[in-house]
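Visitor: Would you be able to build a 3D model of this:
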Amino acid sequence: MRRAEQFTFVPPPTTHELVFETPLPSAVYGLDFHAKFTIHWRVDLASGLRHHSPRSAAVNDVVQRARAVTEGSMLVHHAPLKHQLGDELADERQVEGTHVWARAEQVELRVDDADLEMARKHIELLRATTIRQAERDAERDEIRYLRDEVLTDLSTATIWWLHRNGYQVEQAVALAQQLDDLVRIAAQRRDRHWADTLVSSFESAIPRLSHDHRTDLRQHLAQALGVYGGTSVAAEFADQVGLPQSQGHSQSQNQGQVQSSQPPTIPAQKPPEQLTTGPEDPRDRLEPGDATPRNGVANPHR
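Guide: This is a model prediction of the structure:
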């Protein structure tokens with residue numbers, strides 16, 4: 001006798017295709033790739049899963065896979081990226097949670113000439129910023145080295161000069177007074193506003209902060225000063241370090257309000273009240289001749 005499973009009808013998988021065009025993001029906001037590909041999808045009715053719009057599921061899945069490839073790339077890399085995208089989308093995958101399988105072929109990827117030129121300018125700016133920041137970091141390191149290690153005393157400064165100038169002893173002796181002057185100059189600390197000293201101390205501890213992060217640091221310091229020092233201290237700090245008035249003043253006001261709102265004071269607890277029987281009743285007083293008072297307590301002195 002044949003089993004029922006041998007007569008179960010399983011419909012053949014159906015396939016569909018759609019030519020689809022869409023912009024795809026690049027690593028630079030506002031500069032997009034333009035992609036065109038043919039999406040192939042099919043439904044597997046035997047999977048037990050369903051989706052009410054299989055075409056939308058297939059298109060969305062392919063586009064999201066394409067975005068994951070392009071969003072970290074620059075427009076100038078569009079030529080090799082086209083083949084990387086074609087390789088990624090050619091793999092047929094099941095759309096998660098559905099009975100839809102999707103892939104894409106005939107992938108085309110292009111960029112506008114104007115956007116490509118802007119992307120090149122953006123790269124040049126990044127390159128210049130990176131080089132300039134590296135030069136500044138090197139200058140800070142050199143200044144810190146000379147101030148904290150070389151020009152600490154005349155002996156160290158003289159030995160450093162000898163090492164850098166071929167150990168010309170006679171010339172080093174002749175320059176001893178000038179080296180000593182440099183040591184005294186390096187030891188001097190001109191009077192600086194406390195706000196500048198505070199900011200420079202933080203920036204010395206973390207010298208690789210970007211410009212935006214340096215601004216954020218000043219804002220956080222202003223907030224902390226507003227909490228612990230009040231609005232006047234925060235406003236003075238903001239003015240000294242160049243925070244915009246709108247930011248520094250509003251932050252100091254907000255933090256000043258937090259400072260001014262003292263925690264509620266807890267009133268001192270009163271000691272537990274002593275038990276009293278109310279005002280003394282004259283009738284409770286013992287007279288010399290009474291055996292017991294009116295409250296019923298015997299007179300011990302009788």
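
Visitor: Just give the closest residue to Leu182, not the sequence neighbours.
Guide: Spatially, and ignoring its direct neighbours in sequence, Leu182 is nearest to Leu151 (5.6 Å; CB to CB, 6 or more residues apart in numbering). Any C-beta I mention is one placed from the backbone N, CA and C, and that applies to glycine too.

Visitor: from what I can see the one you found touches Gln178, true?
Guide: No: judged on CB atoms under 8 Å, Leu151 makes no contact with Gln178 at a distance of 11.7 Å.

Visitor: Wasn't Phe37 part of a strand?
Guide: Yes: Phe37: assigned to a strand according to DSSP: H, G, I helix; E, B strand; the rest coil.

Visitor: distance of it from Val63?
Guide: 9 Å (CB to CB, to the nearest Å).

Visitor: tally of neighbours for Ile206?
Guide: The tally of other residues near Ile206 (other CB atoms under 10 Å) stands at 10.

Visitor: what's near enough to touch it?
Guide: Applying CB atoms under 8 Å, 6 or more residues apart in numbering to Ile206 gives no contacts.

Visitor: which secondary structure element contains Pro23?
Guide: For Pro23, the element it lies in under DSSP states H and E is strand 14-25.

Visitor: now Ala104
Guide: Judged by DSSP H and E, Ala104 forms part of strand 100-110.

Visitor: domains of this structure?
Guide: For the chain, whose domains are defined here by automatic domain parsing, the residue ranges read 12-111, 151-188, 194-260.

Visitor: about what we covered before: can you dump the C-alpha atoms of the strand holding Ala104 in CSV for me?
Guide: Extracted C-alpha coordinates of strand 100-110, given in CSV (Å, rounded to 0.1, in the frame of the first residue of the first chain):
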residue,chain,number,x,y,z
VAL,A,100,11.4,34.4,-1.0
TRP,A,101,14.8,33.8,-2.5
ALA,A,102,16.5,36.7,-4.3
ARG,A,103,19.6,37.6,-6.2
ALA,A,104,20.7,40.2,-8.8
GLU,A,105,22.6,40.2,-12.1
GLN,A,106,23.8,42.6,-14.7
VAL,A,107,25.0,45.1,-12.1
GLU,A,108,25.9,48.5,-13.3
LEU,A,109,27.4,51.2,-11.1
ARG,A,110,28.1,54.8,-12.2
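
Visitor: This completes my enquiry, with thanks.
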